[in-house]
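Undergrad: heads up, no residue letters with this:
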């Protein structure tokens with residue numbers, strides 16, 4: 001019985017600590033994972049043809065695992081994969097362009113289309129308290145117009161300021177035209 005307990009304990013400990021975790025790459029960002037799989041010299045000469053389907057599928061799996069993605073149907077997953085594949089190609093080509101002075105990275109929006117991103121993450125969204133405050137400060141000649149309903153349509157109408165002085169500094173927050181940071185990491 002004692003031997004059985006020792007063997008069981010050894011198997012249990014080996015099972016927990018002895019094999020690499022399935023999530024061993026999850027501590028890497030998606031871009032770090034991509035960079036570890038891509039031979040950039042080969043990519044410069046052959047482009048996306050230098051990446052085989054298995055490598056691309058591994059990158060896709062890592063992305064889904066890292067950002068907890070699951071899709072309702074295989075059609076949706078195929079559509080998201082195609083979008084991701086296009087963004088992966090764009091990022092790799094841009095990062096391998098020696099004339100670029102910046103580097104791009106794949107982030108958690110890599111499976112979104114540009115239209116989806118614009119619809120969900122851009123545009124000024126003014127809450128009711130800010131609208132009310134904008135109405136209250138409407139007495140200042142340089143403040144926003146009293147009717148702030150056009151905030152929902154994008155931006156307030158343009159008009160000339162009455163003041164002729166040029167400011168050395170100006171705080172847009174006092175005029176309630178700057179929104180808070182939405183998603184900055």
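TA: Yes, it's here. Just so we're clear, the structure is a prediction, and the values are computed from it rather than from any experiment. Numbering: from 1, shown residues only.

Undergrad: in this structure, where is pLDDT below threshold?
TA: By pLDDT under 70, the low-scoring segments of the chain are 1-26, 45, 49, 131-164, 184-185.

Undergrad: against which helices or strands is the top helix by length along it packed?
TA: Counting residues, the longest helix found in the chain (DSSP state H) is helix 74-95. On a contact count with 3 or more C-beta pairs under 8 Å, 6 or more residues apart in numbering; DSSP states H and E, helix 74-95 meets helix 30-37, helix 53-66. Yep, even glycine has a C-beta here, placed from its N, CA and C like the rest.

Undergrad: just put those in CSV and tack on mean neighbour count.
TA: What follows is the helices and strands packed on helix 74-95, written out as CSV (neighbours: other C-beta atoms under 10 Å):
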stretch, mean neighbour count
helix 30-37, 17
helix 53-66, 16
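
Undergrad: out of these, which comes closest to residue 76?
TA: helix 53-66 (12.3 Å; C-beta to C-beta).

Undergrad: how about residues contacting the closest one?
TA: Helix 53-66 is contacted by residues 23, 25-26, 28-30, 33-34, 37-38, 69-70, 81, 84-85, 88, 106, 108, 110-111 when judged by C-beta atoms under 8 Å, 6 or more residues apart in numbering.

Undergrad: that older thread, what's the angle between the very next helix or strand once past the longest helix of the chain and helix 74-95?
TA: Using DSSP states H and E, the helix or strand that follows helix 74-95 towards the C-terminus is helix 114-121. In terms of direction (axes from the mean of the first three to the mean of the last three C-alpha atoms, to 10 degrees), helix 114-121 departs from helix 74-95 by 100 degrees.

Undergrad: what does helix 114-121 contact?
TA: Outside helix 114-121, the residues that touch it by C-beta under 8 Å, 6+ apart are 109, 112, 182, 183.

Undergrad: ok, 7 Å please
TA: 109, 182, 183 (C-beta atoms under 7 Å, 6 or more residues apart in numbering).

Undergrad: nearest to residue 52, of those residues?
TA: residue 109 (25.5 Å).

Undergrad: the closest one and residue 51, how far apart?
TA: Per C-beta to C-beta, to the nearest Å, residue 109 is found 21 Å from residue 51.
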